[in-house]
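*Asks:* below: sequence and its predicted model.
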Amino acid sequence: MIYTVECSFADPASEAEWNDFYSLEKLPALISVSGFHTSQRFKAFSAGCPVYLAMHSIDGLAVLEGDEYRQKGGGNFARWQQHITDWHRNLYGGLERAPAIGEGEHLIVSAVGPEPLIEMGLTPEQMWAVALERCPENRWLAKLDSAISLGVDTLPKNVHRYAPMTAQLTSGRGAEPQTQVQNRHA
């Protein structure tokens, strides 16, 4: 299943420090939780959606309800909570593992169906909400290869483009420092 966490951050003065915390401390802590298999963090190019997206491959809802998740990183945002806005959590079925998006590639996410992705020459993968907020109910994901040129203006409403902020961490190498992607642009 795919666990997504989306949010924006309202304090530019501490945003870089928060991003370092999330990418360098929180993701490695989460990937060490039994039942987490991959974790990757993204920043949106598109307007009309939360700025940040974290996508995790997990075994299921029981992982998020467990003590190990709560102890190792679930919800440990106390220091940053006042600045986190537009926060959403969803658990999706349909995919066993989130796609790994490398440096120079982008993740395209549609909440309006697979057609916009197909029209871009991409191969969408569907997932559907099974727990937590359950909104949007369906999403389609596709990897945009660096060889394909796509302007932000070409995306329809509720289709968003994300750049990776980290490489995809896996449970076998979750804390390796070289997994940090240096691509931090919007």
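*Replies:* That came through, no problem.

*Asks:* mind giving me the packing neighbours of the longest helix along the chain?
*Replies:* Longest helix in the chain, counting residues (DSSP state H): helix 12-20. Secondary-structure packing of helix 12-20 (3 or more Cβ pairs under 8 Å, 6 or more residues apart in numbering; DSSP states H and E): strand 2-9. C-beta: built from backbone N, CA, C; applies to glycine.

*Asks:* could you point out the helix or strand that follows the longest helix of the chain?
*Replies:* Following the chain from helix 12-20 toward its C-terminal end, the next helix or strand by DSSP states H and E is helix 27-31.

*Asks:* which parts of the lowest-mean-pLDDT helix or strand in the chain are buried?
*Replies:* Counting by mean pLDDT, DSSP states H and E, the chain has its least confident helix or strand at helix 67-72, which shows a mean of 90. Residues 69, 72 are the ones in helix 67-72 that count as buried (16 or more other Cβ atoms under 10 Å).

*Asks:* what packs against it?
*Replies:* Where contact means 3+ Cβ pairs under 8 Å, 6+ apart, helix 67-72 is packed against helix 27-31.

*Asks:* still on that earlier bit, now the longest helix of the chain: buried residues?
*Replies:* Here helix 12-20 shows 15, 18, 19 as buried, counting by 16+ other Cβ under 10 Å.

*Asks:* where does the closest residue in space to the first one that isn't next to it in sequence land on pLDDT?
*Replies:* Residue nearest to residue 15 in three dimensions, not counting chain neighbours: residue 9, with 5.1 Å by Cβ to Cβ, 6 or more residues apart in numbering. We note a pLDDT of 96 for residue 9 in this prediction.

*Asks:* sounds good, over and out.
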